[in-house]
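>>> coordinates for the following, if possible.
(2 chains)
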Amino acid sequence: MRRIPKIPRLLQAVLVVVFFHAGFVLVFDYLLAQVIPASLLTMYMFFVVVGVFMVFTFTEDSAREMVAPIKALVEDPSKRRTRNVVFAIVPLIAGGFAYNHMLPRFEAPLELRSIHPAPPSSVKIGDKRYNLLTLENPFRETETQDPERFAELVAEGAAIYIANCQYCHGDKLDGKGPYARALNPTPLNFQDIGTIAQLQESFLFWRIATGGPGLPDEGAPWLSSMPVWSDFLSEDEIWKVILFLYDYTGHRPRAWEQG
Amino acid sequence: MRTAPTTSKRLRRAALIALAAVLLVVGLGLTGADIAGFGPGTALAQDVADAPAYRPAPQPGPGDYPRVAGVNSRVVVWLAAQLHLWFAAFVLAVPIFVLIIEAIGMATRDERYDKMAYEFIKVSITAYSLTAILGGFLLISLIVFYPDLMGYLAGIFKDSMFYYALMFFVESACLYLYYYGWHWLQGGFRKWVHLTIGLMLNAAGTTLMFLANAWLTFMMSPDGVDIAGALTGGVWEAMHNHLWNPINLHRFIANIAFGGSIVGAYAAYKFLSASSDAEKAHYDWMGYNANFIAISALLPLPFAGYYLAAEIYAYSQQMGITLMGGIFAWLFIIQAVLIGTLFLSANYYLWCGMGRSDGAARYNKYVKYLAVVIIGAFLVWFTPHTLVLTNEELKALGGPYHKYLGPLGIMPAKNTAVNVMILFTSLSFLMYRRANKIATVSWARAGNAAQAALFSAGILNLLFLGIYHGYFTNTAYKVAASVPQVLTTLIIIIASNVLDSFIYRGARQVAPLHWGRIPDRAQYALFLLAVAFTWLMGLMGYIRSGIRQHWHVVGIMRDNSPEAYTPTLGYAANVVSLGTILFMAMVIFVFWLSQLGAVRTDAAGFWKERGA
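Next up, the predicted model:
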């Protein structure tokens, strides 16, 4: 029986890195049909390479075995031809990589956006000032005290939502309304665990009431097309919509532990 | 031989007097006149009663901030504060673990511990004067560039500031006695006296840190003042503000981890420049202990950090969101990467260290599995909530949210990942400890099975708490679930170590441990640990201070200086990096200085010959 030749250590390391890279692309881009962003894949792969380096070099024997081909390439006189070829190719690859990165592109540059900008401590809407640190949904208590009234309020909130919000945020509250594809930044997906489930109701009130123009300066540039809903909805209507958002998605507003 | 008892008696008397004096001053410093330092009806109390009421906070305009031509006052204060803090953290931390190591040496009568403890404190003694110099520079910079703020803070904290200054005498006295008296105070009662001085040194150092923490946390979460900033409650209320204790706890633990990493870098420096095997063996052992100290403190650090962040959020949703969801969120991604780097460096050092014994080869095959889990947890740990997407990716995803990676961006996933990382790091340590031993107890197999069960059950519990409470309950439970997660991790670490010590009681040694037999790569891992810690502290220090945004004292005293804006992330990262380079350069200078005392140059022919 023929023995399978042992794969050199350096090649093993390279294959492991390639395996992880292909794995990420295969799983996310094809199996789950949710592309893995290039920026994140770069970060992931950097630390995969670090991990592979750690595993392949923590013993002296393994480290020696892994760097042996590189050492031989640099030091062995018999490998002169290969060395010259490699030394010519590597700078060319690096140059090509740098050139490609420096080429002007038509695509808009990447933007670092914060999904949840920090709210001010208070906000003035019309003639009234609201303290966002203490503001609470006046209808929230009906959830436990008067469930029938609560259901009515949620239904009213749903009607307001369907009449005003679903065009962008979608009838399933998943951010995929009919107009959503035309907007950048795209409307929020309330079903996502990372949006309203992380926030207090006062935050939602502030965002809905003041819309894109009410976003704070600190997080510029803000391009949100969210309207200033306090121009169109009453305070109570906004609170009812908020009840509906949480009720439909099954999320709970952020709450503090009872001290 | 009559002099010996007399000296001993004198020494005892002197030690007792010193102890009483120091305790008195420490006591005064701890209590302070603003807390309970004087009684009603005394002349002092009458003076205070007659004193005018506290003034509101000044509101300086842009012209009220003195300028020095060509100097950016914010960057100067920023760097001075950061450099002072790095050195202060180091000199406060070293005596804590030096005292513990000295006590271990005393209990085990193993002189190696005593020598190592002495070498650690020797490194910190040069750093002590640098701490003081930088502290002085910081104070002068603050008074020059921000006179109104300093005036306001001094008006409120005048007593504690005064006793803070006095405490330096106590700390210096203790430190010099502790260091210079090391070889003098050896054996029996003298050793007890020495340990007591070490304890007092730590009490003084920790008190100093707590006092300074009170002032900076007052700027973040002011208490005891009205809306205009005039003191209405007691000074104690202003000191004991919402964030004081969370910062105290976080800094205390972080200082130990940081101090451990810096002395680890010192050991690595000495190891790499060692000229004999004996020297290499000594510094390898020292590096191992330093790494152990750093990691022991690093393990609970994420919990203390989470407690601090949760308290910041509880104090102000605005500050909380700015911290982790708003403009500073991207710096938190760098923070996550650096924390992961700490864990990776520490694990790599442990794995390399297994080469010290030939018996470790049995465990080499498991390292890859540990690496897969640790790297996997690390990837989850730094996955951002808001992804950086190209327009094409945005279109392909149908929005800024990733269905599968998005949920990894929020705290329940992070908490679970960091707990798993901590558990597997402790597993690396258990494996390292077993490297050269074979258990001889009859129930070793059952013990191993119990350990495996303990880890499996613990990890399942972590996943259940993280996934169920993190994603399917409301935020009160989400935050609360982190507590049982922490407890699970701590219980597993403690229980598995206790169990391990019983399993390996009277164990047979497979092969001897060769100190010094470790690759140079492992020493660079120690350096990386120190650099990553330093950079991390600088970055988080900026964020902690930066979340005040345009306020000197949040909601009370506005910062109207020309530099009151929040700088870009790149600019902030550059300043922190510059500070890190300056600090590391100074630390290498300290390392070099600490060995300079032993260098002798033979200047033959330079000095005039003297006849016999």
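>>> for A:Ser122, grab phi and psi.
Here is the backbone geometry of A:Ser122 (degrees, to the nearest 10): phi -150, psi 160.
>>> for it, which non-adjacent residue is spatially closest?
If the residues on either side of it in the chain are set aside, A:Ser122 comes closest to A:Asn131, at 4.9 Å by CB to CB, 6 or more residues apart in numbering or on different chains. Where C-beta positions appear, they are placed from N, C-alpha and C, glycine not excepted.
>>> same for the helix or strand containing B:Asn461, what does it pack against?
B:Asn461 is located in helix B:444-464, with elements delineated by DSSP states H and E. Helices and strands touching helix B:444-464, as assessed by 3 or more CB pairs under 8 Å, 6 or more residues apart in numbering or on different chains; DSSP states H and E, comprise helix B:411-434, helix B:482-503.
>>> determine the set of other helices and strands touching the longest one.
Just to be clear, that refers to helix B:411-434. Helix B:411-434 is packed against helix B:301-315, helix B:329-353, helix B:361-382, helix B:444-464, helix B:470-472, helix B:475-480, helix B:482-503, with contacts defined by 3+ CB pairs under 8 Å, 6+ apart.
>>> list the contacts of the residue in the stretch 101-250 of chain B that chain A sits nearest to.
Nearest residue of the stretch 101-250 of chain B to chain A (CB to the nearest CB) works out as B:Ile227 at 11.8 Å. Applying CB atoms under 8 Å, 6 or more residues apart in numbering or on different chains, one finds that B:Ile227 lies in contact with B:Gly555, B:Ile556.
>>> if we go to 10 Å?
When the contact criterion is CB atoms under 10 Å, 6 or more residues apart in numbering or on different chains, the partners of B:Ile227 are B:Pro56, B:Ala57, B:Gly555, B:Ile556.
>>> in ChimeraX, how would I select the buried members of those?
Selection of buried members from the contacts of B:Ile227 for ChimeraX, criterion 16 or more other CB atoms under 10 Å in any protein chain shown:
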select /B:56,57,556
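>>> can you narrow the contacts of B:Ile227 to ones near chain A?
Applying CB under 10 Å from any CB of the partner chain to the contacts of B:Ile227, one finds that B:Gly555 fall near chain A.
>>> for the contacts of B:Ile227, which one is nearest chain A?
Compare each of the contacts of B:Ile227 with chain A using CB to the nearest CB and the shortest gap goes to B:Gly555, at 6.9 Å.
>>> ramachandran coordinates for that closest one?
Listed backbone geometry of B:Gly555 is phi 80, psi 0, with angles given as degrees, to the nearest 10.
>>> next one: B:Met557
Phi and psi for B:Met557, reported as degrees, to the nearest 10, are phi -130, psi 110.
>>> could you measure it against chain A, distance?
When CB to the nearest CB, to the nearest Å is applied, the distance between B:Met557 and chain A equals 15 Å.
>>> ok, now which ones touch that residue?
B:56-60, B:148-149, B:152-153, B:219, B:222, B:225, B:228-229, B:551 are the contacts of B:Met557 under CB under 10 Å, 6+ apart.
>>> surely B:Gly61 and B:Asp559 touch.
No: when contacts are counted by CB atoms under 10 Å, B:Gly61 is not listed as touching B:Asp559 (11.4 Å).
>>> taking chain A, what residue is nearest to chain B?
Using CB to the nearest CB, A:Arg252 is the residue of chain A that sits closest to chain B, at 3.2 Å.
>>> give me the distance between that residue and B:Tyr313.
Computed with CB to CB, to the nearest Å, the distance linking A:Arg252 and B:Tyr313 is 17 Å.
>>> ranges for the strands of chain A?
According to DSSP state E, chain A carries its strands in the segments A:122-125, A:128-131.
>>> quick one: low-confidence residue ranges for chain B.
B:1-53, B:474-480, B:611-612 (pLDDT under 70).
>>> if we go to 80?
By pLDDT under 80, the weakly predicted segments of chain B are B:1-54, B:317-318, B:324-327, B:386, B:394-395, B:398-401, B:469-482, B:594-595, B:597-598, B:609-612.
>>> ranges for the strands of it?
All strands of chain B, identified by DSSP E, fall at B:437-438, B:508-509, B:551-553, B:557-558.
>>> just put these in TSV and tack on distance to B:Ala281.
Converted to TSV, these look like this (distance: least, CB to CB, whole Å):
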stretch	distance to B:Ala281
strand B:437-438	20
strand B:508-509	17
strand B:551-553	53
strand B:557-558	57
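>>> right, I'll leave it there.
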